[in-house]
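**Student:** Have a look at this fold, sequence not included:
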Ligand code: NAD
């Protein structure tokens, strides 16, 4: 039994209501209509229902998308730096309500304080980034082959962006999409995870206020609380130009073809199965700290969580000794307790998948070196608290090649560097990766075209905890999408290529003659 305890349900409910009201969520959004089934807002701290919210129906999807489409028609001709003004206001409001938003992230997603605050900070950061971007959105000019002609490209707003988000980054992923889409001149309709509706209500209320404060068109942001069926209706809506969907590979497999069938655009951010290589020259103390954060942090529920460790045989024993010692000391319990580093899994079925993966790993010859059990946490009989596990595997068995969204770190060993890279890439997913080494040749090789095949490739740092300035996303079954920084904004705009003739003559390209 852990020393930490979860506060009683009434206290959690009061905390949620306080935060929601501080963010300006209207009372009518907090209670399902009498007789309606509604959407339960559950806290994973104890598995209890906090509130029963009004849920969207299929008819609401078209209404909200139509309003967004109408707002888009005004917004697309609003100058981009003026659009940046809205996002600047949003960033300020998010910063002002940082503590309240972090409370909600902790209650719904089970994040510890520092990570919950970090997730809110990520929203503020991406707003800053987007405000700067609103004075950029650069197109290129190219030399024309014809005299007196100019060739250039112009980036225009795309339309309504449908954002479908996962439970584990309940607010950051929304902000990556929304802050960028808004400066790009798009409208946004958000279908958050059914496991995190409260954080969504709070963010949506703050954006509504920013829209009102800056006299931006109403309808520019719509919120649809509901389950998968609401997501499906959004995906199929012909007026949604881009569907940006974050979640499991299973979800992406359904969403991708449906959007493609109507020639819509999709941006998919799906599951990962991230690995780190630990080479003989690695700084083992640094690697240990990085590995424990990446593998056990957020209770293993980040898309970038470290799930596979590929260690050179010469350093396997000393590294595992350090890791096992660190895992034994990990404080597990209520994420509201400042001493805790590992909070709960999101629900009981996640716990079942944790148990099942460990059973399969043992059956494939795996040896559990640390953790793997359940923890009872006082005041939370309905919460799902597990001990992060380290499992030494004889080979990269099927269970290792799958993403189990829970804290299990599989350890494999290697002799030759080529073998390490081959093991690293031999999984269906391609999100994040890292190498710990002091050997520059190894580091460069890992970064090279024949090195890691992931979208995120790090050196001497773990797989999780990306900054917003870079483009975020991965290859293969991770879906290929890129969000947040760098030039990820281009996915939210349409490109027009323009040829302008000021020569006074009609000259055809490639010297073609006609008429
Ligand atoms: P999930 O796939 O169960 O749900 C994600 C969202 O998709 C939810 O809003 C859900 O309602 C919706 N959805 C599910 N099926 C749908 C369908 N057929 N049509 C439309 N919408 C549908 O995922 P989850 O359990 O909330 O999140 C965990 C998963 O998300 C993990 O696999 C994790 O790796 C992944 N993830 C990826 C990234 C990334 O950026 N690559 C980031 C966070 C999470």
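**Tutor:** Here it is on my side, so go on. Worth saying up front: this structure is predicted, and the values here are computed from it rather than measured. Numbering: from 1, shown residues only.
**Student:** Spatially central residue for this structure, please.
**Tutor:** Centroid-nearest residue in the chain, with CA atoms, centre = their mean: residue 173, separated by 4.6 Å.
**Student:** That one and residue 9, how far apart?
**Tutor:** Look at residue 173 and residue 9: by CB to CB, to the nearest Å, they are 28 Å apart. In short, each C-beta sits where N, CA and C put it, glycine included.
**Student:** one step back: which residues touch the residue nearest to the centre of the chain?
**Tutor:** Shown in contact with residue 173 (CB atoms under 8 Å, 6 or more residues apart in numbering): 163, 165-166, 246, 269, 483.
**Student:** Same check on residue 442?
**Tutor:** For residue 442, the contact set (CB under 8 Å, 6+ apart) comprises 279, 281, 417, 435.
**Student:** Which parts of the stretch 301-450 of the chain are strands?
**Tutor:** For the stretch 301-450 of the chain, the strands defined by DSSP state E, counting those that start in this stretch cover 306-312, 367-370, 374-375, 385-386, 389-392, 408-414, 429-430, 432-436.
**Student:** And for the stretch 51-200 of the chain?
**Tutor:** Secondary structure of the stretch 51-200 of the chain (DSSP E, counting those that start in this stretch): strands at 141-142, 149-157, 160-164, 187-191.
**Student:** could you give the angle of the longest one to strand 187-191?
**Tutor:** Taking axes from the mean of the first three to the mean of the last three CA atoms, to 10 degrees, one finds strand 149-157 and strand 187-191 inclined to each other by 40 degrees.
**Student:** for strand 149-157, the distance to its chain's centre please.
**Tutor:** With CA atoms, centre = their mean, to the nearest Å as the basis, strand 149-157 stands 32 Å off its chain's centre.
**Student:** For it, which strands pair with it and how are they oriented?
**Tutor:** Using DSSP bridges, the strands paired with strand 149-157 in its sheet are strand 141-142 (antiparallel), strand 493-501 (antiparallel).
**Student:** and these, which is most packed in?
**Tutor:** Among those, strand 493-501 has the highest mean neighbour count (mean count of other CB atoms under 10 Å), at a mean of 13.
**Student:** What separation do you get for residue 240 and residue 259?
**Tutor:** When distance is defined by CB to CB, residue 240 is 8 Å away from residue 259.
**Student:** of the two, who's got more company?
**Tutor:** Per other CB atoms under 10 Å, whichever of residue 240 and residue 259 has more neighbours is residue 240, with 27 against 22.
**Student:** Looks like residue 436 contacts residue 288 (just checking).
**Tutor:** No - between residue 436 and residue 288 there is no contact under CB atoms under 8 Å: 9.6 Å.
**Student:** of the two, who's got more company?
**Tutor:** Taking neighbours as other CB under 10 Å, residue 436 and residue 288 compare with residue 436 leading, 29 against 21.
**Student:** what's near enough to touch the more buried one?
**Tutor:** By CB under 8 Å, 6+ apart, the contact set of residue 436 is 276-279, 282-283, 286-287, 290, 460.
**Student:** Please identify the residues of the stretch 51-200 of the chain in proximity to the ligand?
**Tutor:** For the stretch 51-200 of the chain, the contact set with the ligand under CB under 6 Å from any ligand atom comprises 164-169, 173, 191, 193-194.
**Student:** Could you dump these into JSON lines and include distance to residue 363 and pLDDT?
**Tutor:** Shown next, in JSON lines, are those (distance: CB to CB, whole Å; pLDDT from 0 to 100):
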{"residue": "164", "distance to residue 363": "35", "pLDDT": "98"}
{"residue": "165", "distance to residue 363": "35", "pLDDT": "98"}
{"residue": "166", "distance to residue 363": "29", "pLDDT": "98"}
{"residue": "167", "distance to residue 363": "29", "pLDDT": "98"}
{"residue": "168", "distance to residue 363": "28", "pLDDT": "98"}
{"residue": "169", "distance to residue 363": "32", "pLDDT": "98"}
{"residue": "173", "distance to residue 363": "35", "pLDDT": "98"}
{"residue": "191", "distance to residue 363": "38", "pLDDT": "98"}
{"residue": "193", "distance to residue 363": "32", "pLDDT": "98"}
{"residue": "194", "distance to residue 363": "33", "pLDDT": "98"}
